[in-house]
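Colleague: model the structure of this input:
(one chain, ligands or ions: 1)
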Amino acid sequence: MSKILVTGGLGFIGSHTVVELQNEGYEVVIIDDLSNSSENVLDGITAITGKTPIFEKLDLKEKADVEAFFAKHNDVVGVIHFAASKAVGESVQEPLLYYENNISTLVYILKELRKLPSASFIFSSSCTVYGQADELPITENAPVKPAESPYGNTKQIGEEIIRDTCKITPSLKAIALRYFNPIGAHESVEIGELPLGVPLNLVPFITQTAAGVREQLSVFGDDYPTPDGTCIRDYIHVVDLAKAHVIALQRLLEEKNKENYETFNLGTGKGSSVLEVVQSFEKVSGEKLNYKIVGRREGDVISAYADTTKAAEELGWKTKLSLDDAVLSAWKWEQKVRS
Ligand code: WQD
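Modeller: Okay, here's the model as predicted:
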């Protein structure tokens, strides 16, 4: 079985991707520093797949530890790199923490991959790199705009580092996956987005409000130039997203890539407003949500949703799950966590 390293593999998207990798028969080794996850996520993965991945608690900022890991696991053929800090607001307050954690770790991993006879690398990027795109839906050729936060800048810089490294490393193939808005949880309710701290993102805030953990959802502005005045995003079910990672990895392992560095947008292709997400929640849960309209949030783009053509044509992948499926799965996970 091909051995795949998943960094940040106990995190939200990472754990769902580990499940899909194991379902496809890959041997998985996880590196996670547990700064935004928990070791008992391993139990959830095992409950779903019947297999427990190898787990090594490791801080990727420690260069010597990264070198030692690759010396021990020199049979790794692919890496899916999720490990990074990802809170937009926090990155504005702590830019150096974000540049250190998101950039130095990427450099150390790429240095090790360059030593392998062949390596396939999947990078967790974000639609954040586009900022407010001039044209919708957003294609991979849309211009990368000046980042609105150090977090977004680390994704842009990360992509450039990978591109430049691939240029001088014939044995290294890489794909950057630009996610839109991942939401939801595995249907088994064995894994999901761990509710660590006050949620920054919309859907966990909705489910925690409905669960009585939060008093009320604040809707950040309804005076945008959109049909109902609230911002539009492309909410993608995390399981659809996880499956795309396996497909992208297989593209590289089977050498079907056209360039040795490629980018793909991962979204549903459909935009949903904040109020439409609230309405979806009320419909699928049967719960009335307590929310109020407040002022705009600094840094929000008005509208972002993916052009899914390239992923459909090149990866043969498109989402199968709907907004309602994703919102319901998030609600079921919330109820499980609170039970
Ligand atoms: C979605 C919409 C908010 C919370 C961020 C990162 C992006 C990616 C996904 C990491 C916006 C509104 C939100 C709330 C609200 N993360 N909202 N009340 O900002 O599109 O993307 O998370 O890769 O990089 O930028 O997601 O869920 O925070 O916001 O009204 O309590 O919901 O204003 O319009 P966002 P989000």
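Colleague: could you pull up the mean pLDDT of stretch 108-117?
Modeller: For stretch 108-117, mean pLDDT is 97.
Colleague: let me redo that: stretch 207-215
Modeller: 98.
Colleague: quick check: buried residues in that stretch?
Modeller: Buried residues in stretch 207-215, defined by neighbour count with 16 or more other Cβ atoms under 10 Å: Thr207, Gln208, Thr209, Ala210, Val213, Arg214. Bear in mind the C-beta positions are built from the backbone N, C-alpha and C, glycine included.
Colleague: Leu110 touches Leu116, doesn't it?
Modeller: No: with contact defined as Cβ atoms under 8 Å, Leu110 does not count as touching Leu116 (10.9 Å).
Colleague: of those two, who's got more company?
Modeller: Each of Leu110 and Leu116 has its neighbours counted (other Cβ atoms under 10 Å); Leu110 has more, 23 against 17.
Colleague: residue contacts, the more buried one?
Modeller: By Cβ atoms under 8 Å, 6 or more residues apart in numbering, the residues touching Leu110 are Phe121, Ile161, Ile162, Thr165, Leu172.
Colleague: quickly find the element holding the first one.
Modeller: To tie it back to what came earlier, the one meant is Phe121. Per DSSP states H and E, Phe121 falls inside strand 119-126.
Colleague: name every strand pairing with that strand and say which way it goes.
Modeller: Partners of strand 119-126 in the sheet, by DSSP bridges, are strand 76-81 (parallel), strand 172-179 (parallel).
Colleague: show me what whichever helix or strand comes after it is packed up against.
Modeller: Per DSSP H and E, the first helix or strand lying C-terminal to strand 119-126 is helix 150-167. If contacts are counted by 3 or more Cβ pairs under 8 Å, 6 or more residues apart in numbering; DSSP states H and E, helix 150-167 sits against helix 88-93, helix 95-99, helix 105-113, strand 119-126, strand 172-179, strand 261-266.
Colleague: so which of the buried residues of stretch 207-215 belong to helices?
Modeller: Under the assignment DSSP state H, these contribute Thr207, Gln208, Thr209, Ala210 to helices.
Colleague: what's the closest of these to Leu200?
Modeller: Closest approach between those and Leu200, by Cβ to Cβ: Gln208, at 11.7 Å.
Colleague: residues in contact with the residue lying closest to that closest one once chain neighbours are set aside?
Modeller: Distances taken as Cβ to Cβ, 6 or more residues apart in numbering put Arg214 closest to Gln208, at 4.6 Å, once the chain neighbours are dropped. Counting by Cβ under 8 Å, 6+ apart, Arg214 touches Val198, Pro199, Phe205, Gln208.
Colleague: the first one and the ligand, how far apart?
Modeller: So the one you mean is Val198. To the ligand, Val198 is 9 Å away according to Cβ to the nearest ligand atom, to the nearest Å.
Colleague: my guess is Phe264 meets Leu177, correct?
Modeller: Yes: Phe264 lies in contact with Leu177 (Cβ under 8 Å); the separation is 5.6 Å.
Colleague: overlap in contacts, those two.
Modeller: Ala244, Ala248.
Colleague: what two of the contacts of Leu110 have the greatest distance between them?
Modeller: It's Ile161 and Leu172 that sit farthest apart of those, by Cβ to Cβ, at 11.9 Å.
Colleague: so the two - more neighbours on which side?
Modeller: Leu172 (21 against 15).
Colleague: hang on, the more buried one packs against Asn260?
Modeller: Yes: between Leu172 and Asn260 a contact is recorded at 6.8 Å, counting by Cβ under 8 Å.
Colleague: pull up the overlap in contacts between these two.
Modeller: Common neighbours of Leu172 and Asn260 (Cβ under 8 Å, 6+ apart) are Cys166.
Colleague: stretch 244-262: how far from the chain's middle?
Modeller: 18 Å (Cα atoms, centre = their mean, to the nearest Å).
Colleague: contact residues of the chain facing the ligand?
Modeller: Taking Cβ under 6 Å from any ligand atom as the contact definition, the chain meets the ligand at 86, 88, 126, 128, 181, 200-202, 205, 217-220, 231, 233, 274, 297, 300.
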